[in-house]
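[1] what's the 3D shape of this:
(one chain, ligands or ions: 1)
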Amino acid sequence: MSIVGHFINGKVTDTHSRLQDVYNPATGKTIRQVAIAPKAVAEEAVAAAQAAFPEWRDTPPIKRARIMFRYKQLLEEHTDEICRLIGQEHGKIVHDAAGELQRGIENVEYACGAPEILKGEFSKNIGPGINAWSDFQPLGVVAGITPFNFPAMVPLWMYPLALVCGNTFVLKPSERDPSATLYIGQLLKKAGLPDGVFNIVNGDKEVVDTLLTDKRVKAVSFVGSTPVAQYVYTTATASGKRCQALGGAKNHAIVMPDADMENVVTSLLGAAFGSSGERCMALSVAVAIGDEIADQLVTKLQERMKSLTIGVHSDENNDFGPVITREHQQRICSYITSAEQQGAKILVDGRNMTVPGYENGFFVGATLIDNVTTTMDSYKAEIFGPVLQVVRVKTMQEGMEIIDEHEYGNGTCIYTRDGEAANYFADRIQVGMVGINIPLPVPVSYHSFGGWKNSLFGDLHAYGPDGVRFYTRRKTITQRWPSANLRESAEFSMPTMK
Ligand code: NAD
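    Take a look at the predicted model:
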């Protein structure tokens, strides 16, 4: 059985303290094993990144950007292989994997603008013969820790930008689907990145803890579940590091009585069930304003859900695939059961579904639950599966209140034809990313991505302009060259421009 290793100082190694099975979730079988690194291997990766930093820091931004131009081309040339690896280990259908990769590549495209995005700020003549400027300098070694659900896109949120900003990088991918991440990481070497500038260490908590506490690591970007995000943020900041830790989500869509119902149903199907609901921006709760619209919504959804196709990643015709592990499959089903026991109505039941030829796969069928209330466990938790819950309320205000009261604030959406209502919603709702008739308002690479409340710990969002600020620190230089006619006498009061 092949072993997925690490990529350190330009070489793949598989030193491990143990091996962990990597499954094909469609078959339920182990297809590879991943090397779980001991602490020493994580330290070796940090040392490689530290050694590569001085030369990389001094490499002009245009040269760093040229590597990213070549990298973008390589990612595009190897799309089929990358999508195959994502599909094999994550289970997402090839068209969905291609979408994930494309959104990742857009971050590489943004990073190609390094000379422009790293331009400093300059003020001439702030005093007699005095100029001042601010520089955005790299931090040093930075680390990224990423989740299973986007093995290509989420790492690409982080390292292209961190690298063009002049940092060196150590990435700890998800141990559940590590192959695509390792594959795209190695393409950086082909693109011309010097050895040691970018490193990958596969592992578990031991590797994460090493990265969080090693004094040579200056900043940590994390994406994953909220309890781990909170732990990572607390530990990294206690160790004096800059940290952005993006956590879980529960994304609500408000369906107003004047919404275009065909559009709502079509877009909810994709946003709730696409990628088996394993997206941090998945719409998992529809908040229907009034019983009339709720009845129409569930009737049409039930009808359209009959034609969803679920199966293996390689078949383009499938809408979505399995979930990541057997345990996760059981967890999702237990939330459906708890909703039923607590009084909700299961209108379409995805428990016990099987795909012919893939009877041992980790599949959960698309599930629709009506009459969900905010006290139910299935409402409070992030289920992270193909489960759409409908909450019925009487007014938009009531709908907004329940969204604001939820612990998560990643994404949300309003379906309406009323511009005034939409603007009011977008302006007031306590959520970081808002869609107006857009179900998955994932910001493009030249904006930044981040939720509010328990969906993000830290101040700066991921990628885009916030990413540049996160991966650099400001230095401000004030300069005067003395000349004969600008000599000043000793000044003992605070210098000002009088
Ligand atoms: P996870 O929290 O289990 O794992 C994320 C990373 O943390 C992995 O690399 C994992 O190895 C590591 N990890 C896990 N437990 C750890 C521990 N106790 N100590 C140290 N490190 C640990 O998340 P996941 O299941 O891989 O991903 C799904 C979660 O990620 C969902 O909650 C989803 O909402 C969230 N997510 C959020 C965003 C966002 O942008 N907000 C994006 C994608 C995924």
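[2] Model confidence at the most centrally placed residue in the chain, what's the number?
    Centroid-nearest residue in the chain: residue 154, 4.5 Å away (criterion: CA atoms, centre = their mean). pLDDT recorded at residue 154 is 98.
[3] So which bits of the strand or helix carrying it are buried?
    Applying DSSP states H and E as the criterion places residue 154 in helix 153-164. By 16 or more other CB atoms under 10 Å, the buried positions in helix 153-164 come out as 153, 154, 155, 156, 157, 158, 159, 160, 161, 162, 163, 164. Any C-beta I mention is one placed from the backbone N, CA and C, and that applies to glycine too.
[4] likewise stretch 429-441?
    429, 431, 432, 433, 434, 435, 439, 440, 441.
[5] what's the closest non-adjacent residue to the fourth one?
    It stands for residue 433. residue 411 (4.4 Å; CB to CB, 6 or more residues apart in numbering).
[6] residues near the one you found, how many?
    30 (other CB atoms under 10 Å).
[7] And the next helix or strand past the helix holding residue 154?
    Counting by DSSP H and E, the next helix or strand C-terminal to helix 153-164 is strand 168-172.
[8] Mind listing the strands that following strand pairs with, and their directions?
    strand 141-145 (parallel), strand 198-200 (parallel) (DSSP bridges).
[9] Reformat these as CSV; add mean pLDDT.
    Listed next are these as CSV, based on pLDDT from 0 to 100:
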stretch, mean pLDDT
strand 141-145, 99
strand 198-200, 99
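[10] out of those, which comes closest to the ligand?
    Judged by CB to the nearest ligand atom, the one of the strands paired with strand 168-172 that comes nearest to the ligand is strand 141-145, at 5.0 Å.
[11] neighbouring contacts of that closest one?
    46, 49-50, 53, 155, 158-159, 162, 167-172, 208, 211-212, 216-224, 232, 471 (CB atoms under 8 Å, 6 or more residues apart in numbering).
[12] The ligand contacts on the stretch 251-400 of the chain?
    Those residues of the stretch 251-400 of the chain that sit near the ligand, judged by CB under 6 Å from any ligand atom, are 280, 382, 384.
[13] Nearest to the ligand, out of those residues: which one, please.
    Nearest to the ligand among those: residue 280, at 3.2 Å, using CB to the nearest ligand atom.
[14] Contact partners for the nearest residue to that closest one once chain neighbours are set aside?
    In space, and not counting its chain neighbours, residue 280 is closest to residue 249: 4.7 Å by CB to CB, 6+ apart. Contact analysis of residue 249 by CB under 8 Å, 6+ apart lists 280, 281, 282, 382, 408, 410, 411, 451, 455.
[15] now, which of those sits nearest the ligand?
    Scanning the contacts of residue 249 for proximity to the ligand, where the rule is CB to the nearest ligand atom, the winner is residue 280, at 3.2 Å.
[16] In this structure that closest one contacts residue 149, no?
    Yes - counting by CB atoms under 8 Å, residue 280 touches residue 149, with 7.1 Å between them.
[17] Number of residues surrounding the residue in the stretch 201-350 of the chain that the ligand sits nearest to?
    Relative to the ligand, the nearest point of the stretch 201-350 of the chain is residue 224 (2.7 Å; CB to the nearest ligand atom). Around residue 224 there are 22 other residues, counting by other CB under 10 Å.
[18] So that it lines up with my notes, have the first residue be 3 from now on.
    Happy to do that; since the first residue is 3 now, the last one works out to residue 226.
[19] Tell me the spacing between it and residue 25.
    19 Å (CB to CB, to the nearest Å).
[20] The stretch 203-352 of the chain: strands as residue ranges?
    219-225, 244-248, 253-257, 285-291, 347-350 (DSSP state E, counting those that start in this stretch).
[21] Just put those strands in TSV and tack on distance to residue 427.
    Output for the strands of the stretch 203-352 of the chain, formatted as TSV (distance: least, CB to CB, whole Å):
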stretch	distance to residue 427
strand 219-225	26
strand 244-248	23
strand 253-257	7
strand 285-291	11
strand 347-350	27
